[in-house]
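Asks: A predicted structure for the sequence below; I have some questions about it.
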Amino acid sequence: MIESLKNVWAVAELRKRVLFTLGILAVYRVGSHIPTPGINPEALSQLMERTATGVFGLYDMFSGNNLSQMTIFALGIMPYISSSIILQLLTVVWPYLERLSKEGELGRRKITQYTRYGTIALAIVQAMGIAIFLERNTGIAGGLPLVYEPGWGFRLMTVLTLTTGTTFVMWLGEQITERGIGNGMSLIIFAGIVVGLPSAVFITLEQLRTGQMGLFRVIALIVLMIVVVAAIVFVERGQRRVTVQYAKRVVGRRMYGGSSTHIPLKVNTGGVIPVIFASSILAFPMTFGQVVDPDSFVRRAIDQINPGMPLHDLLYVAAIIFFCYFYTAIIFNPDDVAENMRKYGGFVPGIRPGKRTAEYIDTILARLTLVGAVYLSLVAILPQFLITGTNVTQIPFVGEQLYAALPRFVTEGMNVQFYFGGTSILIIVGVSMDTVQQVESQLIMRHYDGFMKKTRIRGRRG
């Protein structure tokens, strides 16, 4: 591990990429301390203590506590993710976007431009919803004025501030993807979650020191987290290898082929993207619900999909499964793989090249995706059941002390339940593994380049 870190700093280009990524994330954290004008911070703190565990809890986790503090980055990267989902769905049903997606780099740039426009439109709608929500709740926090000067002036200022903040965060994420290491949007969400971990650890240690939580409960929580992390790493690295044989062929005076290789099909091809997409889709109607009259039928219907409600869990699992298949279908095309294999004389033993090979790979991929979707759903939902403490002590064959530890722990301050939940751990581990793999790929590529150069020099000298 130490040797790998030394190699990262030894390669000049890789060192620049890593430092650039860290610098962009530092800029993101600096902006997280700039408040939105016109809001009373003391009244906002009291209001968020009442609503953080409900509608805004998960959204606040993804934004790195920017929403609960109403900074200029309160909306975070979620409007961009929602816009990406809408564009990808439209690509399937709209022939124009489908043609663009097949035009290579130029088409992808055009779709990215539409995604940016959609991000701004969604940010305007969500920012207006937040402004109206704050105005309606002014005075609810102990009689303190939440908004100093309500009205259209405050609404327009809030929309302008939050929309500009979201656009800037979107630009930061794109810069990381192009000039840094890893996926910029995922790393921004990762940074927003990780920033809350130290406070959660300090709260745990303080509760242990004051006797609010026993040593056995802390150990049980640590063991539970280790088991979840180990399961995530095990499944994320799991893959099904499809053997591919290449026939011998003569090109000029040389003979090529005759080798055997494999196609690695990951159990969880989509990574953490399906979970992020599902969370974003469910967060959008909850934000819209704040604009609706609290006594209306629409508001009562939206309240049924708040975190902790049975309908929310059902829709969450269904959305995760859908986006697992949807995202896998976008990034992996069995027909293209089979066609490329056929062109270069490759075939799967016992399977005819062409259409039969594509069907064979598609069948394997569908089964793996189902396993990956179930795994993501379990990781995202089961810890939430343990945390909420909904009749968990009635589950047989499990120690009552373990379940009794969780609800008491998570009810103490700062939304600790979300930091130790399955979704946050999944995103942290998944993004970390993806970033480390990209760093390793860069190191391997540099190592092979150096080796090949030395080989050519030796050949010339000989």
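Replies: Yep, it's here.
Asks: now the strands for the stretch 101-250 of the chain?
Replies: Using DSSP state E, counting those that start in this stretch, the strands of the stretch 101-250 of the chain run over 239-246, 249-251.
Asks: how much space separates residue 368 from residue 263?
Replies: Separation of residue 368 from residue 263 (CB to CB, to the nearest Å) stands at 12 Å. From N, CA and C alone the C-beta is placed, and that goes for glycine too.
Asks: now swap in residue 319 and tell me
Replies: From residue 319 to residue 263 the distance is 29 Å (CB to CB).
Asks: neighbour count winner among those two?
Replies: The neighbour comparison of residue 319 against residue 263 (other CB atoms under 10 Å) goes to residue 319, with 21 against 17.
Asks: who's in contact with the more buried one?
Replies: 274, 277-278, 281-282 (CB atoms under 8 Å, 6 or more residues apart in numbering).
Asks: over to it: give its phi and psi.
Replies: phi -70, psi -40 (degrees, to the nearest 10).
Asks: helices of the stretch 51-200 of the chain, residue ranges please.
Replies: Assigned by DSSP state H, counting those that start in this stretch, the stretch 51-200 of the chain shows helices spanning 57-62, 66-69, 78-93, 95-101, 105-136, 152-179, 184-194, 197-210.
Asks: contact partners of the third one?
Replies: Going back to what we said before, that points to helix 78-93. 59, 62-63, 97-98, 100-101, 111, 114-116, 118-123, 126, 166, 169-170, 173, 185, 276-277, 280-281, 283-284, 323, 326, 330.
Asks: please apply the same query to the fourth one.
Replies: With contacts defined as CB under 8 Å, 6+ apart, helix 95-101 is touched by 87, 90-92, 107-108, 110-111, 114.
Asks: re the thing from before, looking at the strands of the stretch 101-250 of the chain, spot the one closest to residue 381.
Replies: Ranking the strands of the stretch 101-250 of the chain by proximity to residue 381 (CB to CB) places strand 239-246 first, at 24.4 Å.
Asks: now do the buried residues in the closest one.
Replies: 242, 244-246 (16 or more other CB atoms under 10 Å).
Asks: likewise for stretch 425-435?
Replies: 425-431, 433-435.
Asks: let me see the mean pLDDT of that stretch.
Replies: In this model, stretch 425-435 has a mean pLDDT of 81.
Asks: now render the helices of the stretch 51-200 of the chain as CSV, adding mean neighbour count, distance to residue 360 and mean pLDDT.
Replies: Formatted as CSV, these follow (neighbours: other CB atoms under 10 Å; distance: least, CB to CB, whole Å; pLDDT from 0 to 100):
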stretch, mean neighbour count, distance to residue 360, mean pLDDT
helix 57-62, 24, 38, 67
helix 66-69, 24, 47, 80
helix 78-93, 20, 24, 83
helix 95-101, 14, 25, 82
helix 105-136, 17, 29, 87
helix 152-179, 18, 34, 91
helix 184-194, 23, 32, 84
helix 197-210, 14, 44, 77
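Asks: now tabulate those helices in JSON lines and tack on distance to residue 347.
Replies: What follows is the helices of the stretch 51-200 of the chain, written out as JSON lines (distance: least, CB to CB, whole Å):
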{"stretch": "helix 57-62", "distance to residue 347": "45"}
{"stretch": "helix 66-69", "distance to residue 347": "53"}
{"stretch": "helix 78-93", "distance to residue 347": "30"}
{"stretch": "helix 95-101", "distance to residue 347": "29"}
{"stretch": "helix 105-136", "distance to residue 347": "31"}
{"stretch": "helix 152-179", "distance to residue 347": "36"}
{"stretch": "helix 184-194", "distance to residue 347": "36"}
{"stretch": "helix 197-210", "distance to residue 347": "49"}
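Asks: which one of the ones you listed lies nearest to residue 304?
Replies: helix 57-62 (15.7 Å).
Asks: can you list the weak-confidence ranges in the chain?
Replies: Along the chain, segments meeting pLDDT under 70 span 1-5, 49-59, 138-144, 248-258, 284, 286-294, 306-308, 382-422, 446-462.
Asks: centroid-nearest residue for it?
Replies: When CA atoms, centre = their mean is applied to the chain, the residue found nearest the centroid is residue 276 (4.2 Å).
Asks: skipping adjacent residues, who's closest to that residue in space?
Replies: Among residues not flanking residue 276 along the chain, residue 81 sits closest, at 6.1 Å (CB to CB, 6 or more residues apart in numbering).
Asks: relative to residue 275, how far out is the one you found?
Replies: For residue 81, the distance to residue 275 equals 11 Å [CB to CB].
Asks: same deal with residue 190?
Replies: Residue 190 sits 13 Å away from residue 275, going by CB to CB.
Asks: any common contacting residues for these two?
Replies: In contact with both residue 190 and residue 275: residue 427, using CB under 8 Å, 6+ apart.
Asks: pretty sure residue 355 sits against residue 338.
Replies: Yes - shown here, residue 355 and residue 338 form a contact pair, counting by CB atoms under 8 Å, at 7.3 Å.
Asks: more neighbours, the two?
Replies: Using other CB under 10 Å, the more surrounded residue of residue 355 and residue 338 is residue 338, with 25 against 12.
Asks: after the helix or strand hosting the more buried one, which helix or strand is next?
Replies: In the assignment (DSSP states H and E), residue 338 maps to helix 334-343. Counting by DSSP H and E, the next helix or strand C-terminal to helix 334-343 is strand 346-347.
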